[in-house]
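In: I'll drop the sequence and a predicted model, then ask my questions.
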Amino acid sequence: MTVLAVVGLLVAVLGGLYGQLTDTSHLSFDAVIWIALMIFCPPSLIFVSLIDVEPGTVSFVVTWLAIAVVNSVLYAVIGLAVGRLAWRSGSQSSNSLAP
């Protein structure tokens, strides 16, 4: 669970850094990277309405920090659910082998 939470945090941080360091005001930005970010960081879609947040501002950093925290929690919940399902299925298969 913790590892996936860190992965979720890193995905959002890398997305925020990419947005901060590249010029997205022109059509020169790589759409494939942004599509991948939308897939691996769904909380960033929640903040689409904050279109006036410009890269290079404090509000941009705060927005991406909030996205990173929400994405980290999302990844942690997914990791917890998958871990519990794997643990349950593992304990059921070991019980079925018992004499």
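Out: That came in fine, so what should we check first? Owing to the predicted nature of the structure, the values given are computational and were not obtained by experimental measurement.
In: ok, and the closest non-adjacent residue to G8?
Out: Closest residue to G8 apart from its sequence neighbours, by CB to CB, 6 or more residues apart in numbering: Y75 at 2.9 Å. Using the backbone N, CA and C atoms, a C-beta is placed for each residue, glycine as well.
In: and L45, by the same measure?
Out: Leaving out its chain neighbours, the residue that sits closest to L45 by CB to CB, 6+ apart is M38, at 6.2 Å.
In: could you report the separation of that neighbour from T2?
Out: Distance from M38 to T2, counting by CB to CB, to the nearest Å: 25 Å.
In: same drill for these two, tell me which one is more crowded.
Out: M38 (13 against 10; other CB atoms under 10 Å).
In: you'd agree that one is up against S44?
Out: Yes: here M38 reaches S44: they are 6.4 Å apart, a contact under CB atoms under 8 Å.
In: what sits against A86?
Out: Contacts of A86 were listed using CB atoms under 8 Å, 6 or more residues apart in numbering, and none were found.
In: now do A68
Out: Counting by CB under 8 Å, 6+ apart, A68 has contacts 8-9, 12-13, 16.
In: do L65 as well
Out: L65 neighbours (CB under 8 Å, 6+ apart): G16.
In: in terms of helices and strands, where is it?
Out: Per DSSP states H and E: L65 is located in helix 58-96.
In: in that helix, which residues are buried?
Out: Neighbour-count burial for helix 58-96 flags 60, 63-64, 67-68, 70-72, 74-76, 79 (criterion: 16 or more other CB atoms under 10 Å).
In: again, but for stretch 42-61
Out: Quick answer for stretch 42-61 (16+ other CB under 10 Å): 43-44, 53, 55, 60.
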